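**Student:** Pasting the sequence and the predicted coordinates here, then a few questions.
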Amino acid sequence: MARGRDPLVWYVFLWVFISESAALYILEPSRSAKVPKEHFGEDAEGFLNVDRYIACKSMAKDCNIVLVYCRSRVLRDFPTVSNNWPQCSDWAMEWVALIGNLYHLSNSWLEVLELPGSYAERDEELRRAVDEIAERKNNGAQGRKNATCLQADSRQPRQPLGRLDCFR
């Protein structure tokens, strides 16, 4: 365990690794990239759902891992962009609405997991919304607006559009 500022407080971090067949919980005193690197090994590939902690970036550099940012953390960036760069306010709030719609569609999808007819319909609707986000992120005028807004100021927070086309 790691000691906090208060000598009577100790910290431990819970790492969760999930595959199709198992879930592994590891308690570690560290949030360093050493923990997932030791778990995955050198030939790791796949998706890693992360909260943007800086150590996660080294996972993407050192192996074939795609970082997928948590939707709620991505969502928090857009009001910051809107407030700090008024020229990007409409753009940022449009992304808030798009991501909010994903939350709504995800909840609707979960409600019908056990109902085959409704499930297929809601699943298709959710997939279309994810595809729309990927298209908006990468194409056309929206893509040019992304680049403009993401370069709006050197004080800008980290780029809000990581892998928005990839939700896990």
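**Tutor:** Here it is on my side, so go on. None of the values given here were measured: they were computed from a predicted structure.

**Student:** residue ranges with poor pLDDT in the protein?
**Tutor:** Low-confidence segments of the chain (pLDDT under 70): 1-6, 9, 62-63, 139-168.

**Student:** center of it, which residue is that?
**Tutor:** Centroid-nearest residue in the chain: Tyr69, 1.5 Å away (criterion: Cα atoms, centre = their mean).

**Student:** What are the phi and psi values at it?
**Tutor:** Dihedral pair for Tyr69: phi -80, psi 140, per degrees, to the nearest 10.

**Student:** so it touches Tyr53, yeah?
**Tutor:** No. Counting by Cβ atoms under 8 Å, Tyr69 does not reach Tyr53; the two are 10.8 Å apart. Backbone N, C-alpha and C define where each C-beta goes, glycine included.

**Student:** and Leu75, how many neighbours?
**Tutor:** Burial of Leu75 is recorded as 18 neighbouring residues (other Cβ atoms under 10 Å).

**Student:** contacting residues around it?
**Tutor:** Neighbour list for Leu75: Val96, Ile99, Gly100 [criterion: Cβ atoms under 8 Å, 6 or more residues apart in numbering].

**Student:** Mind checking which of the residues you listed are buried?
**Tutor:** Val96, Ile99 (16 or more other Cβ atoms under 10 Å).

**Student:** Make CSV out of the contacts of Leu75 and add secondary structure.
**Tutor:** Formatted as CSV, those follow (DSSP: H, G, I helix; E, B strand; the rest coil):
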residue, secondary structure
Val96, helix
Ile99, helix
Gly100, helix
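
**Student:** between the contacts of Leu75, which is nearest Lys37?
**Tutor:** Lys37 has its nearest neighbour among the contacts of Leu75 in Ile99, at 30.1 Å by Cβ to Cβ.

**Student:** what's the distance between the residue nearest to the closest one when sequence neighbours are not counted and Tyr69?
**Tutor:** Of all residues not flanking Ile99 in the chain, Leu75 sits nearest, at 4.9 Å (Cβ to Cβ, 6 or more residues apart in numbering). Separation of Leu75 from Tyr69 (Cβ to Cβ, to the nearest Å): 10 Å.

**Student:** before we move on, what about Glu132?
**Tutor:** Glu132 is 18 Å from Tyr69, by Cβ to Cβ.

**Student:** How are the helices of the chain distributed by residue range?
**Tutor:** Along the chain, counting by DSSP state H, helices occupy 34-40, 54-62, 71-84, 89-111, 116-138, 140-150.

**Student:** Ok, which of those comes nearest Ser19?
**Tutor:** In terms of Cβ to Cβ, the element of those nearest to Ser19 is helix 34-40, at 11.1 Å.
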